[in-house]
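Asks: I would like to see how this sequence folds:
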Amino acid sequence: MMQDYIIELDKPRTFRFGFRSIRLLRKQLGNKSMEELMGEAIEQMPVFVWAGLIWEDKALTVEQVEQMLDEKIPGTYTMMDVVTLVTEAMTAHLGVKTEALPKDGGAPAGPFVTTGTTSGTPDESPLKSD
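Replies: Down below sits the predicted model:
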């Protein structure tokens with residue numbers, strides 16, 4: 001069973017990145033390859049969050065997601081917490097092996113980074129290390 005990736009916004013919301021979310025990302029950001037999508041600038045993060053959440057709330061808009069994120073940053077999350085959570089959810093749902101990503105402190109192009117954690121709840125920041 002695949003792990004849930006949850007972000008606390010107006011309520012707990014669970015990411016799901018499938019074919020529809022990838023199609024919606026490409027519609028919003030241009031018909032780009034996955035590599036190009038992963039290299040998008042950090043200001044596009046609300047689009048990624050929206051695409052991962054639209055499955056459970058079809059009326060959700062990018063603007064609503066951006067407003068909810070802004071209400072949680074910096075109190076509940078940092079911007080990098082959100083980036084990390086989205087990246088981990090996307091890579092897990094796409095079947096990307098995180099072992100293939102740089103471990104030497106280098107990061108893939110763009111804002112996307114990974115850590116070994118998957119929690120996105122306010123009490124357990126995705127950037128918390130043991």
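Asks: How far off centre is the helix or strand bottoming out on mean pLDDT in the chain?
Replies: Sorted by mean pLDDT, DSSP states H and E, the helices and strands of the chain end with helix 34-38, the least confident at a mean of 72. On the basis of Cα atoms, centre = their mean, to the nearest Å, helix 34-38 sits 13 Å off its chain's mean C-alpha point.
Asks: Kindly export it (C-alpha atoms) in CSV.
Replies: Extracted in CSV, the C-alpha atoms of helix 34-38 (Å, rounded to 0.1, in the frame of the first residue of the first chain):
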residue,chain,number,x,y,z
MET,A,34,8.7,15.5,-16.7
GLU,A,35,12.3,16.6,-16.4
GLU,A,36,11.3,20.1,-17.6
LEU,A,37,8.3,20.2,-15.2
MET,A,38,10.6,19.2,-12.3
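Asks: residue contacts, residue 54?
Replies: By Cβ atoms under 8 Å, 6 or more residues apart in numbering, the contact set of residue 54 is 20-21, 24, 60. C-beta coordinates here come from the backbone N, C-alpha and C atoms, glycine included.
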